[in-house]
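Asker: how would this look folded up:
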Amino acid sequence: KTLASGSDDRTVKLWDAVSGSQKSSLEGHTGAVYSVAFDPDGKTLASGSGDNTVKLWDAASGSPKSSLEGHTGAVYSVAFDPDGKTLASGSRDKTVKLWDTEAGSQKCTLHTLEGHTDRVTSVSFAPDGKTLASGSYDKTVKLWDAASGAQKSSLE
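Answerer: The predicted structure is shown next:
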C-alpha cells in the first residue's frame, strides 16, 4: 500500500502506508504541490502545482509520464474519473480542465469549464463518472456534465 503527498518543497512523496517510511520523492514541479490523486488502478499518480501544471507519474517507478499544460494559474485540485480515462483539474485561473489521460504523448484538454468567478479549489467526480463537482472561492459548487463539459447547475 502506497500513500502520496504533495509539498511546499515542490516534490511529491510516496510513502509506505504500513511502515510510514518514505519510499521516494518525485521531482519535476517548479512550484508547491497542492494536490495529488491516484487513478483507480493505482498505476498513475497525478499532481497539481503552483507552477500551473499537472504532472502524471508512473506510481510504481516514480518516473514522470507527462506534463499537462494549459492552466494560467496554480492548480489546486486534481481528480480522476472512475474509469481513469479522464482527469479533472481546478485552478486559480477560475477554470476546470478535463484531460484525456489515454492520449499517449499527445495529452490533450477535452474541455475547459468556465463559470466560476474566483479560484477553483476542489474537483470531484460522482461515483458513476457522469457528473463533476467543482468548488470555488466564489462560494459556489458547480455541477458539470463530465462528457460534454456543460454546466448542469450551481449550488450557492
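
Asker: count the neighbours of residue 151 for me.
Answerer: 15 (other CB atoms under 10 Å). C-betas here are computed from N, CA, C, even on glycine.

Asker: with residue 112 instead?
Answerer: 14.

Asker: and residue 90, by the same measure?
Answerer: Neighbours of residue 90 under the rule other CB under 10 Å: 31.

Asker: test my guess that it contacts residue 77.
Answerer: Yes: using CB atoms under 8 Å, residue 90 makes contact with residue 77 at a distance of 4.2 Å.

Asker: which secondary structure state does the residue located most distally from the centre of the chain sit in?
Answerer: In the chain, the residue that sits farthest from the middle, by CA atoms, centre = their mean, is residue 19; the gap is 26.7 Å. Under DSSP: H, G, I helix; E, B strand; the rest coil, the three-state class of residue 19 is coil.

Asker: and the pLDDT at it?
Answerer: Residue 19 carries a pLDDT score of 96 in this model.

Asker: same check, this time on residue 129
Answerer: pLDDT, read off for residue 129, is 97.

Asker: ok so, going back, so what sits against both of residue 90 and residue 77?
Answerer: 48, 120-123 (CB atoms under 8 Å, 6 or more residues apart in numbering).

Asker: just checking, which of these belong to helices?
Answerer: Using DSSP state H, no member of the shared contacts of residue 90 and residue 77 sits in helices.

Asker: and those residues, which are buried?
Answerer: 48, 120-121, 123 (16 or more other CB atoms under 10 Å).

Asker: hmm, back to that, tell me which of the shared contacts of residue 90 and residue 77 is nearest to residue 132?
Answerer: residue 123 (6.4 Å; CB to CB).

Asker: next, the buried residues of stretch 37-49.
Answerer: 37-39, 44-49.

Asker: quickly check the residues you listed for the two that are furthest apart.
Answerer: Farthest pair in these, by CB to CB: 39 and 49, 17.8 Å.
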